[in-house]
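**Q** Have a look; sequence and predicted model below, questions after that.
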Amino acid sequence: MVENRPLLTFLTHLILILGVLVVAFPVYVAFIASTHEPGEFVRGVMPLLPGDNFWATYSQMLGDGWQVAGAPPVWLMLGNSTIMALTIAIGKVAISILSAFAIVYFRFRFRLLAFWIIFITLMLPVEVRIIPTYAVVADLGMLNSYAGLTLPLIASATATFLFRQFFMTVPEELMEASRVDGAGPMKFFKDILLPVSITNIAALFVIMFIYGWVQYLWPLLVTTDEDFYTIVLGIKRLMASSDRVPAWNLVMATVTLAMVPPVLVVLLMQKLFVKGLTETEK
């Protein structure tokens, strides 16, 4: 039985409300700034109510972009970022779960060595190996392509480690029962391991989707064609101004639109995401 403490309940809710305000207020300011004239943002006194330029600003960014800054339409950049994030998330989950399945359930020489080699790659993120990775991608002719954007980021030692740790908690009786029923390895994987791994897959998918969505350095290197710009790269192009003042209303409109897909992914997969992070036993 949980003891009812009104003061503690009040303080808990107060801290939660303050936390929400701290997180949500910058988002609200970005939205408000996107509905005003560009000069309103730099006058020192920021309005707290929406302006009259909502439709004009958002229709311009969604429809034509801002060619002066070299930024294509936002819908194109959102599409590129979505393709990149989905490919990275699905690829990381698929490769990692199969790798963990092989390491845990197959007996072969140097099995642990293979796992530790995968695990050591955690110390070699793309920023560390970016020059040789770029050279390989360029030699294969994958610059300015979705393959070049996604393939170098598609493997994940973290996800492999997490799936391995989870598979090691699955009772061996399930594997023995499947063998008695005549099920092969892949049938055991498809009919037993995948269903009990749904929450873990969902949690990793959300994390990896956001990881792919916020990539900046790698898309900056491998894309020079505006047709392959991602939304994060587009925001940087809007803000990069050497001989002009940035149109902050357009920048903030792009920032606001860039937040929508990740937020939708988190909301749609919230229950599975929380379960995947909190459940330790099946």
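**A** Thanks, I have it.
**Q** CA atoms for contacts and neighbours, from now on please.
**A** Fine.
**Q** Residue 80: what secondary structure?
**A** Put simply, residue 80 is helix when judged by DSSP: H, G, I helix; E, B strand; the rest coil.
**Q** any idea how far it lies from residue 259?
**A** The gap separating residue 80 from residue 259 is 14 Å, by C-alpha to C-alpha, to the nearest Å.
**Q** try residue 235
**A** Separation of residue 235 from residue 259 (C-alpha to C-alpha): 12 Å.
**Q** and those two? which has more neighbours close in?
**A** A side-by-side neighbour count of residue 235 and residue 259, using other C-alpha atoms under 10 Å, places residue 235 first with 22 against 13.
**Q** Just list the residues touching residue 119, thanks.
**A** By C-alpha atoms under 8 Å, 6 or more residues apart in numbering, the residues touching residue 119 are 157, 158, 161.
**Q** And it, how close does it get to residue 157?
**A** Computed as C-alpha to C-alpha, the residue 119 to residue 157 distance reads 5 Å.
**Q** starting at the chain centroid, how far to stretch 137-156?
**A** Taking C-alpha atoms, centre = their mean, to the nearest Å, one finds the center of stretch 137-156 at 17 Å from the center of the full chain.
**Q** Low-confidence regions, the stretch 101-250 of the chain specifically.
**A** Residues of the stretch 101-250 of the chain that meet the criterion pLDDT under 70 lie in 241-245.
**Q** can you list the contacts of residue 119 in a markdown table and add secondary structure?
**A** Below are the contacts of residue 119 laid out as a markdown table (three-state DSSP):
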| residue | secondary structure |
| --- | --- |
| 157 | helix |
| 158 | helix |
| 161 | helix |
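**Q** and these, which are buried?
**A** The neighbour count (16 or more other C-alpha atoms under 10 Å) marks 157, 158, 161 as buried among these.
**Q** The first one and residue 93: what is the separation?
**A** Think residue 157. From residue 157 to residue 93 the distance is 11 Å (C-alpha to C-alpha).
**Q** likewise the second one?
**A** Counting by C-alpha to C-alpha, the separation of residue 158 from residue 93 is 10 Å.
**Q** Residue 222 too?
**A** 24 Å.
**Q** Those two: which has the busier surroundings?
**A** Using other C-alpha under 10 Å as the criterion, residue 222 and residue 93 rank with residue 93 on top: 24 against 20.
**Q** Spell out which residues sit in contact with the more buried one, please.
**A** Neighbour list for residue 93: 159, 201, 204, 205 [criterion: C-alpha under 8 Å, 6+ apart].
**Q** ok, and for the host helix or strand of residue 60, which residues are buried?
**A** Under the criterion of DSSP states H and E, residue 60 resides in helix 54-63. Across helix 54-63, burial judged by 16+ other C-alpha under 10 Å covers 54, 57, 58, 61, 62.
**Q** I'd like the distance from it to the chain centre, please.
**A** Distance, centroid of helix 54-63 to centroid of chain: 26 Å (C-alpha atoms, centre = their mean).
**Q** Over to stretch 151-171?
**A** Put simply, stretch 151-171 sits 17 Å off its chain's centre (C-alpha atoms, centre = their mean).
**Q** Buried residues in it, which are they?
**A** Neighbour-count burial for stretch 151-171 [16+ other C-alpha under 10 Å]: 151-161, 163-164, 166-167, 170.
**Q** Please identify the helix or strand for residue 91.
**A** Residue-wise, residue 91 maps onto helix 74-105 under DSSP H and E.
**Q** That helix: how far from the chain's middle?
**A** The chain centre lies 10 Å from the centre of helix 74-105; the measure is C-alpha atoms, centre = their mean.
**Q** Next secondary structure after that helix?
**A** As assigned by DSSP H and E, the chain's next helix or strand after helix 74-105 is helix 111-120.
**Q** which residue packs closest to residue 122, ignoring adjacent ones?
**A** Closest residue to residue 122 apart from its sequence neighbours, by C-alpha to C-alpha, 6 or more residues apart in numbering: residue 157 at 6.1 Å.
**Q** quick one: contacts for that neighbour?
**A** With C-alpha under 8 Å, 6+ apart, residue 157 has these contacts: 96, 118, 119, 120, 121, 122.
**Q** Report how many residues lie close to residue 73.
**A** For residue 73, using other C-alpha under 10 Å, the count is 23.
**Q** Residue 74 too?
**A** Look at residue 74: counted by other C-alpha under 10 Å, it has 27 neighbours.
**Q** excluding its backbone neighbours, what's nearest it?
**A** residue 62 (4.8 Å).
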